[in-house]
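Asks: need coordinates for the below:
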Amino acid sequence: MIVPPPELKSIIDKLCQKVASQDADKQQQFVKLVYEQDPKKFSFLRPEDHYRPYYNLKLDEAVNGGEQVEAIQVKVYEKKQNENEFQKLLRDEIFGD
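Replies: Below you'll find the model as predicted:
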């Protein structure tokens, strides 16, 4: 995931908070209106934009209170731990430590 520059990051973070404050059934309509007002400024709302994953993550965090984000962070940590353990076992096997 590519983290946007500070100015754009601020725009995304603020928009996510505003979107999250909308009723669930009106969120997509709100986002569509925002994008139509200034497509260049809100280009990250396009699915193919390289900042879209950051927007999705922050929106999920705003809507769900960060629960899913925390779960993802735990999975990433566990994966790194498993990779580190595997590398240690491999090193021990190769070098006999």
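Asks: just name the shakiest helix or strand of the chain by mean pLDDT.
Replies: helix 67-95 (a mean of 68; mean pLDDT, DSSP states H and E).
Asks: could you chop the chain up by domain?
Replies: For the chain, automatic domain parsing gives the domain ranges 1-65, 67-97.
Asks: please identify the most buried of those domains.
Replies: Highest mean neighbour count among the domains of the chain (mean count of other Cβ atoms under 10 Å): domain 1-65, with a mean of 14. No exception for glycine: its C-beta is placed from N, CA and C like everyone else's.
Asks: quick one: mean pLDDT over it.
Replies: On average, the pLDDT along domain 1-65 is 93.
Asks: residue numbering should commence at 10 henceforth.
Replies: Taking 10 as the first residue, the last one we looked at is domain 10-74.
Asks: where does the spatially most central residue of the chain sit: helix, strand or coil?
Replies: Geometric centre of the chain, nearest residue: L66, 2.5 Å, by Cα atoms, centre = their mean. When classified by DSSP: H, G, I helix; E, B strand; the rest coil, L66 comes out as helix.
Asks: isn't it right up against M10?
Replies: Yes: L66 lies in contact with M10 (Cβ atoms under 8 Å); the separation is 6.8 Å.
Asks: can you tell me which residues contact I11?
Replies: With contacts defined as Cβ atoms under 8 Å, 6 or more residues apart in numbering, I11 is in contact with H59, Y60, P62, Y63.
Asks: please read the previous query as pertaining to Q36.
Replies: Going by Cβ under 8 Å, 6+ apart, Q36 touches V28, A29.
Asks: with the one 4 residues further on instead?
Replies: By Cβ under 8 Å, 6+ apart, the contact list for V40 reads V28, L54.
Asks: okay then, goodbye and thanks.
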